[in-house]
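Okay, sequence plus prediction incoming.
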Amino acid sequence: MDRSAQPTVWTVAAEHYRQWRDGSPTAMDELVRCLTPVLWQVVRAQRLDAETAADVVQSTWLALVRHPDAIRDADAVGGWLVTTARREAWRVVKAGARTEPMGELPETGQGASAEQEATTRWTGRVLWDAVAQLSQRCQRLLRVAAFLDRPNYRQLAGELDMPMGSIGPTRSRCLARLRTLLAAEGVDHA
Amino acid sequence: MREDEALEALRKMWERADPVPDGLVDSVIVAVASEDLDAELLSLRPVELADVRGESAQVLEFVSDSLTLVVRLGQEADGRRRVDGWAEGIREVALVHEEWSRTATVSPAGRFEFDRVPGGPVRLRLRSDDGAYLTPGFEV
C-alpha cells in the first residue's frame, strides 16, 4: 500500500486546519476528532494515568488555538500537535505526575462478528502479552511509532533520548524481538 | 509479517486496548470553542462624518479597553465592496460572513484590506498578542 497516494490522518488534518485558519468554525471540531485519538496514544505511551493524559491532550489543543501562528505550513499541524503533546506528557512525568503500569487488555469489541472477534481477541491477547515482555523503551517507541508516519520520526529522537539515526534501527530491533516472541507463541504471520 | 503490517497490528491493538475515553473529544471541542468565545467583543463608536472622503465610503470605529479598530468601507468600480482596516498590534484578521470567511495579511503597522467583497452582513475577527477580538455585525 502506498501511503503517500491516499489521504492519511495527517493530510486530512492539514486540510481541516487550513479550513479553520480560513475561518470555518466547524473545521476545528473535525480536526479535534481526527487527531485526538493519535494524541491520546502518544500521551499514554508515557504511561500517564487516564485523567492526567486527558488534561495533557486538552492543553495541547488549547496551545494550538492560542498560538495559531506557531504553525506556518498547515501540513505541519499533525507533527506540531504530536510533538507538543509528547513534550507536555514528558514534562508532567518529570514533574511527578502519576503513571501507571500497562493495564489489562479489556474484553470489548462492538460491531465485530463473533468469529472476527474471537480471532481479534486471540491475536490481540498474544500480541499484548508479547509487547508486555519488551523493554519499556521498545514498548514506548513502538506505541508512538505505530501512530506516526515516517517523517515524524525525526521529531522523536530528542525526546526518546536517542540519536536521530537510531530511531529506525531501534524500531526494527524492537519489531524483530516482538516477532520472535510471537513465533514462540505459535503466531507466525511471515 | 512486514514491519508496516506489524505496526498496523500494534495500532489496532492499542486502539482497542486503550481507546480515547468517552467524552474526551467532546470536552476538548467545548474547551476550544470557549477559547474562541473569550474573544473580546468590540463596540461600535460613532465617527464624525466630516472625516470621510468620497461619497461611497463609510468609516466605522470599533473599540474596547485594549484595542481600537478603524474600518473604512468603500466601493470598487464594478460595484463590489472593499474593506480597509487598521488596528495597532494585531497580527491576524478574518472577515467572517455566515457562509464564508476570508483572511488577510496584516502589515507590521496593523493595516489590512479585503477587496472584491460581496455585499452583506459580516464581522471581523482579530487576534493580537494579548487576545482575540470580535466586532459586532455590520453591513458591507
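Thanks, I have it.

May I have the secondary structure class of whatever residue of chain A ends up closest to chain B?
Residue nearest to chain B within chain A: A:Gly23 (2.5 Å; C-beta to the nearest C-beta). All C-beta spots, glycine's among them, are computed from the backbone N, C-alpha and C. With DSSP: H, G, I helix; E, B strand; the rest coil as the basis, A:Gly23 sits in coil.

Could you pull up the mean pLDDT of the helix ranked longest in chain A?
Ranked by number of residues, the top helix in chain A under DSSP state H is helix A:164-184. Taken as a whole, helix A:164-184 has a mean pLDDT of 87.

for stretch A:12-24, same thing?
Mean predicted confidence for stretch A:12-24 is 90.

List of residues touching that stretch?
A:27-28, A:30-31, A:34-35, A:68, A:71, A:74-78, A:81, B:94-96, B:100-103, B:125 (C-beta atoms under 8 Å, 6 or more residues apart in numbering or on different chains).

Could you tell me how many residues sit around the residue of chain A closest to chain B?
Neighbour count of A:Gly23, defined by other C-beta atoms under 10 Å in any protein chain shown: 16.

any idea how far it lies from B:Val93?
10 Å (C-beta to C-beta, to the nearest Å).

Mutual contacts of those two, please.
In contact with both A:Gly23 and B:Val93: B:Thr103, B:Arg125, using C-beta under 8 Å, 6+ apart.

could you pull out the strands for chain B?
Assignment of strands within chain B using DSSP state E yields the ranges B:40-41, B:43-45, B:58-63, B:68-75, B:81-86, B:90-96, B:101-104, B:111-117, B:121-128, B:132-134, B:138-139.

To chain A, which of these lies closest?
strand B:101-104 (2.5 Å).

Pull up the pairing partners for the closest one, direction included.
Strand B:101-104 pairs in its sheet with strand B:90-96 (antiparallel), by DSSP bridges.

Show me the shaky parts of chain A.
A:1-5, A:101-123, A:150-164, A:188-190 (pLDDT under 70).

rewinding a little: could I get the strands of chain B as TSV with mean pLDDT and mean neighbour count?
Listed next are the strands of chain B as TSV, based on pLDDT from 0 to 100; neighbours: other C-beta atoms under 10 Å in any protein chain shown:
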stretch	mean pLDDT	mean neighbour count
strand B:40-41	86	14
strand B:43-45	90	13
strand B:58-63	93	18
strand B:68-75	93	19
strand B:81-86	94	19
strand B:90-96	86	20
strand B:101-104	76	17
strand B:111-117	92	17
strand B:121-128	89	20
strand B:132-134	89	20
strand B:138-139	92	13
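
Any chance of these in CSV with distance to A:Ser135 as columns?
Below are the strands of chain B laid out as CSV (distance: least, C-beta to C-beta, whole Å):
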stretch, distance to A:Ser135
strand B:40-41, 51
strand B:43-45, 61
strand B:58-63, 59
strand B:68-75, 57
strand B:81-86, 58
strand B:90-96, 46
strand B:101-104, 48
strand B:111-117, 54
strand B:121-128, 45
strand B:132-134, 46
strand B:138-139, 62
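
Mind listing what's buried along stretch A:55-63?
A:Val56, A:Val57, A:Gln58, A:Ser59, A:Thr60, A:Trp61 (16 or more other C-beta atoms under 10 Å in any protein chain shown).

Pretty sure the first one sits in a helix.
Meaning A:Val56. Yes. The assignment for A:Val56 by three-state DSSP puts it in a helix.

Spit out the contact partners of it.
A:Val43, A:Leu48, A:Ala85, A:Glu88, A:Ala89, A:Val92.

secondary structure element for the fourth one?
Element membership of A:Glu88, judged by DSSP states H and E, is helix A:77-94.

what about the closest residue to A:Gln46 other than its chain neighbours, how many neighbours?
With C-beta to C-beta, 6 or more residues apart in numbering or on different chains as the criterion, A:Gln46 has its nearest non-adjacent residue at 4.2 Å, and that residue is A:Ala89. A count of neighbours around A:Ala89, defined by other C-beta under 10 Å, yields 25.

could you list every residue that touches A:Ala89?
A:Val42, A:Val43, A:Ala45, A:Gln46, A:Leu48, A:Ala53, A:Val56.

Just flag the most distant two among these.
The most widely separated members of those, counting by C-beta to C-beta, are A:Ala45 and A:Val56 (11.5 Å).

Could you find the closest non-adjacent residue to A:Arg33?
With C-beta to C-beta, 6+ apart as the criterion, A:Arg33 has its nearest non-adjacent residue at 5.8 Å, and that residue is B:Val25.

what do you get for B:Glu15?
A:Pro37 (7.0 Å).

need the contact list for that neighbour.
B:Glu15, B:Pro19, B:Val20.

Distance of the last one relative to chain A?
Read that as B:Val20. 5 Å (C-beta to the nearest C-beta, to the nearest Å).

Was I right to think that residue contacts A:Thr36?
Yes. The pair B:Val20 and A:Thr36 qualifies as a contact (C-beta atoms under 8 Å) at a distance of 5.9 Å.

List the contacts of B:Pro21.
A:Ala50, A:Ala54.

again, 6 Å this time
A:Ala50 (C-beta atoms under 6 Å, 6 or more residues apart in numbering or on different chains).
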